[in-house]
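Q: predicted model follows, preceded by the sequence.
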Amino acid sequence: MSWETVTLEWDGDVATLTIDRPDALNALNVETLEAMQEALAEAKREDARALVLTGAGNAFIAGADIKYMQDLSTEEALEWGELGHAVADAIEAFPAPVVAAINGFALGGGCEMAAACDLRVAAESAVIGQPEIDLGIVPGFGGTQRLPEVAGEEAARRIIYLGQRLDAETAAEVGLVGEVVGDDELDARASDLAAELAEKPALALRGAKRAMNQRAEGSKEAGLGYEREVFAGLFGTHDQREGMEAFVEDRDPSFK
Ligand code: HXC
């Protein structure tokens, strides 16, 4: 298959998916996200043993397409977010490891797609971050959930709350990327890493990926389940009754 804004190329068992919309710094629109879904499905069908995700020209992905987003209604924005989630989920659930080769701007939805990959290698001139807050929105392609997993809570909150754009070295310091290489070395390094992964026993590697993905899923589910229990368990206690009664009666509560 072929697409207008995405290419899928093979080197042996390694597939490279390139976002190819350089005039818009590879900003993601509906067409590009749908093409990514199809390209990922094709790479899966063809049994890729590793996949590299990168961008054409000097950007990785400069974000979701702001020109497309600016007039969306709430319902349209919901569908849009779901499409982005589906693509990020497909990257995360791709059976073989996915390496993000971050060759330039990885902002907003670009940072979120990188966070859904297994490993991240950045060129030294790359700029990575979540500027959504300054557009009056929040990360909507999974960043609020995946960024803390990758970069840790404090760094992720700073990046998202402050709309930070980090240079590659700083991104490496917080763990948002695994390694930084010279701009001219990025393609070769990402290919070498993918080739090394492709030589590992495929079943064991897929098993390791599935198991590690499950760890994140499980803890999220467990955390939400625990929250529900704690929340519901407080109903009927003195403080819950007193607190809510005091609010309704417009007075200060007297807690135990
Ligand atoms: C649409 C974009 C774009 C984007 C760049 N372009 N980023 N178009 N959406 N996210 C377009 C520009 O409009 C311009 O088009 C062309 O690409 C080149 O960009 P310039 O701004 O001229 O380049 P430069 O001066 O080098 O600046 C690069 C930049 C800047 C720093 C990356 O473009 C920028 O700040 N972009 C927005 C980054 C951002 O906020 N991303 C997060 C988006 S929100 P023309 O036609 O003028 O040549 C997001 C939400 C995800 O991702 C979740 C949704 C649910």
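A: The structure has been received and is ready for your questions. Numbering: from 1, shown residues only.

Q: who touches residue 47 in this structure?
A: If a contact means C-beta atoms under 8 Å, 6 or more residues apart in numbering, then residue 47 has residue 13 as its contacts. To be clear about C-beta, it is placed using only N, CA and C from the backbone, and glycine gets the same treatment.

Q: against the ligand, how distant is residue 72?
A: 9 Å (C-beta to the nearest ligand atom, to the nearest Å).

Q: secondary structure class for that residue?
A: Reduced to three states with DSSP: H, G, I helix; E, B strand; the rest coil, the structure at residue 72 is coil.

Q: who's in contact with it?
A: residue 80.

Q: quick check, stretch 30-38 touching the ligand?
A: No: no part of stretch 30-38 sits close enough to the ligand to count as contact by C-beta under 6 Å from any ligand atom; the gap is at least 10.2 Å.

Q: outside of that stretch, which residues touch it?
A: For stretch 30-38, the surrounding residues in contact (C-beta under 8 Å, 6+ apart) are 1, 3-6, 17, 19, 21, 26, 68, 80, 83-84, 86-87, 90.

Q: same question, stretch 144-156
A: Defining contact as C-beta under 8 Å, 6+ apart, one finds that stretch 144-156 is touched by 88, 92, 111-112, 115-116, 120, 130, 138-139, 157, 159-160, 174-176, 216, 220.

Q: circling back: out of the contacts of stretch 30-38, which end up buried?
A: 5, 6, 17, 19, 21, 26, 68, 80, 83, 84, 87, 90 (16 or more other C-beta atoms under 10 Å).

Q: leaving out sequence neighbours, find the closest residue to the fourth one.
A: Once flanking residues are discounted, residue 19 sits nearest to residue 26: 4.1 Å by C-beta to C-beta, 6 or more residues apart in numbering.

Q: contact partners for the one you found?
A: Shown here is residue 26, whose contacts under the criterion C-beta under 8 Å, 6+ apart are 19, 20, 32, 55, 56, 57, 59, 60, 61, 62, 110.

Q: related to what we said a few turns ago, contacts with the ligand among the contacts of stretch 30-38, please.
A: Near the ligand, by the rule C-beta under 6 Å from any ligand atom, you find 80, 84 out of the contacts of stretch 30-38.

Q: which of the contacts of stretch 30-38 fall in strands?
A: Within the contacts of stretch 30-38, membership in strands is found for 6, 17, 19, as judged by DSSP state E.

Q: which is the next helix or strand following the helix or strand that contains residue 158?
A: Using DSSP states H and E, residue 158 maps to helix 153-162. The element immediately downstream of helix 153-162 (helix or strand, assigned by DSSP H and E) is strand 165-167.

Q: coming back round to it: of the contacts of stretch 144-156, select the buried ones using a PyMOL command.
A: Remark: buried members of these, expressed as a PyMOL selection using 16+ other C-beta under 10 Å:
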select buried, resi 88+92+111+112+115+116+120+130+139+159+160+174+176
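
Q: inside helices: which ones of the contacts of stretch 144-156?
A: Using DSSP state H, the subset of the contacts of stretch 144-156 located in helices is 88, 92, 111, 112, 115, 116, 157, 159, 160, 216, 220.

Q: switch the ones in strands among the contacts of stretch 30-38 over to a markdown table; also include distance to residue 103 and pLDDT.
A: Compiled in a markdown table, the ones in strands among the contacts of stretch 30-38 are given as follows (distance: C-beta to C-beta, whole Å; pLDDT from 0 to 100):
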| residue | distance to residue 103 | pLDDT |
| --- | --- | --- |
| 6 | 15 | 98 |
| 17 | 13 | 98 |
| 19 | 10 | 98 |
